[in-house]
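In: Okay, predicted coordinates and the sequence, questions at the end:
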Amino acid sequence: MKKLLLIVIACLSAFMSIPSYADEADDTMGGYTVEGIPNAHQVDPNAGYFDLSEEPGEKDQLKVKLINNSDQEKSLKVTVTNGNTNSNGLVDYTGESKDHSSLKTPLTSILKATQETVTVPKHSEVETTLELSMPKEKFDGIILGGIVISDGTESNKKSDGMSMGNIYNYTLGVVIRNDAKTDVYKNVSVELESIETKLDYGKKVVQVNFLNPNPYILGEATVEGKILDEESGKVLQEQAKENVVIAPNSVYPFQFDWQKEEIKPGNYVFEGVVKTKDQEWKFSHKFSIEEETAKELNEKTAFKVHIPNWLKMTSIVLFVLMISFTIWAVIKKKKG
């Protein structure tokens, strides 16, 4: 019996002595800031972004001050992006979203950086300029986008040569209109453009694409929806988002995350509503998920059931104890 206990203790010691590691994160701050330099065409002088009223065909310059507070030289990238809408219901200036075909004059077509990369010495300031060329014809509503400043300095790479990416970004919003009295926010209409089943960052989602086809920001809105099995009428998923804003001529991807549940092929119905303080739009739309699509998404999803290490260890310990007790009981019975 003593030998058996020694074996059990040895097994437990071996399992308990397995080391665990955690990745170390670089906690270094960005070390720089940006400021928009006041423009003569600014509509709201208190706005923290460029809010400009410009005449058709006019030429202008937007100036940005880049301030390097760090002890090393910085190479800062200057990028112009268009305003789109992300799945959180926020205006997105990352430039990662595809522009909608209804966007006739994107900001990227009329505003250009004179320097794509600006070198800023340590503890100093540098001014950079962007050239604005207004469309010759007058337009309704606004043109929305951003000036994104990102750190492209070589020191943003780890010692093993792997890039950490542009972690520290600053975005200055840009709103351009022909008339200072033109509304920036206006709730005109919303359309249900399409429903698609896809993988989004490894998640299985059914995505309802709501289009704001107008040259104004829509919001703040509450978006509610549910997905039903067409045959049984059973509600399979429900979702609601508050304080949603949709950029001009852009799509809001309203998503239903299937999580660990498998997506099944079949016929479904989406029912939903978009509500603002002065408007309400109701939608009902049938859609299908093909067997091949469902199979592909279920196989490729990144969702995995994570079992904590402590639970694994507990299971191992209990298993060893159970085996040990069984052996001890058998030996005792034979001796008796």
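Out: Here it is on my side, so go on. What you see is a predicted model; the values in this text were computed from it and never measured. Numbering: from 1, shown residues only.

In: Going along the chain, name the strands of the stretch 151-300 of the chain.
Out: For the stretch 151-300 of the chain, the strands defined by DSSP state E, counting those that start in this stretch occupy 169-177, 191-200, 203-212, 218-229, 235-246, 250-257, 266-275, 280-289.

In: Using TSV, lay out these together with distance to Lys98.
Out: Placement of C-beta: from N, CA and C, glycine included. Listed next are these as TSV, based on distance: least, C-beta to C-beta, whole Å:
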stretch	distance to Lys98
strand 169-177	19
strand 191-200	13
strand 203-212	11
strand 218-229	19
strand 235-246	15
strand 250-257	9
strand 266-275	21
strand 280-289	21
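
In: To Gly48, which of these lies closest?
Out: Closest to Gly48 of those is strand 169-177 (C-beta to C-beta; 7.8 Å).

In: List the buried residues of the closest one.
Out: Asn169, Tyr170, Thr171, Leu172, Gly173, Val174, Val175, Ile176, Arg177 (16 or more other C-beta atoms under 10 Å).

In: same check, this time on stretch 225-233
Out: Within stretch 225-233, the residues that count as buried by 16+ other C-beta under 10 Å are Gly225, Ile227, Leu228.

In: for the second one, what are its contacts?
Out: Counting by C-beta atoms under 8 Å, 6 or more residues apart in numbering, Ile227 touches Val206, Val235, Leu236, Gln237, Glu238, Phe256, Tyr268, Val269, Phe270.

In: Quick one: buried ones out of those residues?
Out: By neighbour count, with 16+ other C-beta under 10 Å, the contacts of Ile227 hold Val206, Leu236, Gln237, Phe256, Tyr268, Val269, Phe270 as buried.

In: got a pLDDT number for the residue nearest to the first one when sequence neighbours are not counted?
Out: Going back to what we said before, that points to Val206. In this structure, Val206 finds its nearest non-sequential neighbour in Phe256, 4.5 Å apart by C-beta to C-beta, 6 or more residues apart in numbering. With respect to pLDDT, Phe256 scores 98.

In: separation between Phe256 and Ile110?
Out: Distance of Phe256 to Ile110, computed by C-beta to C-beta, to the nearest Å: 37 Å.

In: hang on, the residue nearest to Val206 packs against Gln237?
Out: Yes: between Phe256 and Gln237 there is a contact under C-beta atoms under 8 Å: 4.4 Å.

In: shared neighbours, the two?
Out: Val206, Ile227.

In: Find the nearest non-adjacent residue to the residue positioned nearest the centre of the chain, please.
Out: Centroid-nearest residue in the chain: Asn86, 6.2 Å away (criterion: C-alpha atoms, centre = their mean). Spatial nearest neighbour of Asn86, excluding adjacent residues (C-beta to C-beta, 6+ apart): Asp92 at 4.1 Å.

In: Tell me, please, the helix or strand in this protein that averages the lowest pLDDT.
Out: In the chain, no helix or strand scores lower on mean pLDDT, DSSP states H and E than helix 2-16, which sits at a mean of 43.

In: so where's the protein uncertain?
Out: Along the chain, the parts satisfying pLDDT under 70 run over 1-29, 153-167, 302-315, 317, 325, 328-330, 332-336.

In: okay, now the domains of it?
Out: Listed by the TED database, the domain ranges of the chain are 32-156+166-177, 191-300.

In: Make TSV out of these and add distance to Ile323.
Out: Listed next are these as TSV, based on distance: least, C-beta to C-beta, whole Å:
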stretch	distance to Ile323
domain 32-156+166-177	49
domain 191-300	32
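
In: Looking at the ones you listed, spot the one closest to Thr326.
Out: domain 191-300 (34.4 Å).

In: Compute the first-to-last residue distance for the closest one.
Out: 31 Å (C-alpha to C-alpha, to the nearest Å).

In: Pretty sure Thr326 sits in a helix.
Out: Yes: judged by DSSP: H, G, I helix; E, B strand; the rest coil, Thr326 forms part of a helix.

In: burial of it, as a residue count?
Out: Using other C-beta atoms under 10 Å, Thr326 has 10 neighbouring residues.

In: going forward, begin numbering at 27 instead of 1
Out: From this message on, residue numbering opens at 27, which makes the last subject Thr352.

In: quick one: it from Val346, how far?
Out: 11 Å.

In: How about Leu170?
Out: In terms of C-beta to C-beta, Leu170 sits 63 Å off from Val346.

In: higher neighbour count, the two?
Out: Neighbours were counted for Leu170 and for Val346 using other C-beta under 10 Å; Leu170 has more, 26 against 16.

In: List the contacts of the more buried one.
Out: Contacts for Leu170 (C-beta under 8 Å, 6+ apart) come out as Asn108, Gly109, Val117, Leu133, Gly199, Val200, Val201, Ile202, Ile243, Ala273, Pro274.

In: thought the second one was touching Val117?
Out: Which is Gly109. Yes: between Gly109 and Val117 a contact is recorded at 5.2 Å, counting by C-beta under 8 Å.

In: Could you verify my assumption that Thr145 touches Val104?
Out: No: counting by C-beta under 8 Å, Thr145 does not reach Val104; the two are 11.7 Å apart.
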